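**Student:** sequence and predicted structure, then a few things I'm wondering about:
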Amino acid sequence: MNFDEFKTILFPADEEVVYVLCFKRKGETEEIPFYVGESGRGTRRLSDYITAQFAAPTDFKVGVVVKELQAAGAEVLVKYKRTNERKIEEKNLIRDAEKMYALLNNETSFNYKTADQTIQAERFKAIATALLAGTHPMRIISDA
């Protein structure tokens, strides 16, 4: 078989991981972190961001930002590593990254039962636009 046109990924496993979502602006090489997370489900956690269910606020906000970055031509990348101390490592990564970067981790969440989905989508699209522009996104008060 000829696999020249194929890309290879490791098959996802249930493993303890910490991860950082980054993006590269179109035509640039700098990888800019915008979200830090941890999971006991390994990289399968990323599928939650693809579906971006409104009833799961973190999945929604990350998913909306990822889709908006991709729609603008940015590459969204995942850096991850296995760890037995994922909560501690996540906390340390957030602390270190937020010294230089605006992270979605610090954005106010919302109550999906009372929030307006359209307003929240626009809110996170605006944050993605600010990330692409290289401006520090303002914290926007949610309608929760």
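**Tutor:** Done, it's in. Numbers count the residues shown, from 1 in each chain.
**Student:** which elements pack onto the helix ranked longest in the chain?
**Tutor:** Longest helix in the chain, counting residues (DSSP state H): helix 117-133. Packing partners of helix 117-133 (3 or more C-beta pairs under 8 Å, 6 or more residues apart in numbering; DSSP states H and E): helix 57-71. C-betas here are computed from N, CA, C, even on glycine.
**Student:** who touches the helix it packs on?
**Tutor:** In this structure, residues lying in contact with helix 57-71 by C-beta atoms under 8 Å, 6 or more residues apart in numbering are 21, 23, 34-35, 37, 48-54, 76, 104, 107, 109-112, 120-121, 124-125, 127-129, 131-132.
**Student:** list the buried residues in that helix.
**Tutor:** Neighbour counts over helix 57-71 (16 or more other C-beta atoms under 10 Å) mark 57-69 as buried.
**Student:** over the longest helix of the chain, what's the mean pLDDT, rounded is fine.
**Tutor:** Helix 117-133 carries an average pLDDT of 96.
**Student:** buried residues, it. List them.
**Tutor:** 120-121, 123-124, 127-128, 131-132.
**Student:** pull the CA atoms of stretch 95-106 into PDB?
**Tutor:** Only the C-alpha atoms of stretch 95-106 are listed here, as PDB (Å, rounded to 0.1, in the frame of the first residue of the first chain):
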ATOM      1  CA  ARG A  95       0.800  29.900  36.000                       C
ATOM      2  CA  ASP A  96       3.800  30.000  33.700                       C
ATOM      3  CA  ALA A  97       1.800  30.600  30.400                       C
ATOM      4  CA  GLU A  98      -0.400  33.400  31.800                       C
ATOM      5  CA  LYS A  99       2.700  35.500  32.400                       C
ATOM      6  CA  MET A 100       3.000  36.000  28.700                       C
ATOM      7  CA  TYR A 101      -0.200  34.900  27.100                       C
ATOM      8  CA  ALA A 102      -4.000  35.400  27.400                       C
ATOM      9  CA  LEU A 103      -5.500  32.100  28.300                       C
ATOM     10  CA  LEU A 104      -9.100  30.900  27.900                       C
ATOM     11  CA  ASN A 105      -8.700  29.300  31.300                       C
ATOM     12  CA  ASN A 106      -9.100  32.700  32.800                       C
END
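**Student:** alright, I will stop here.
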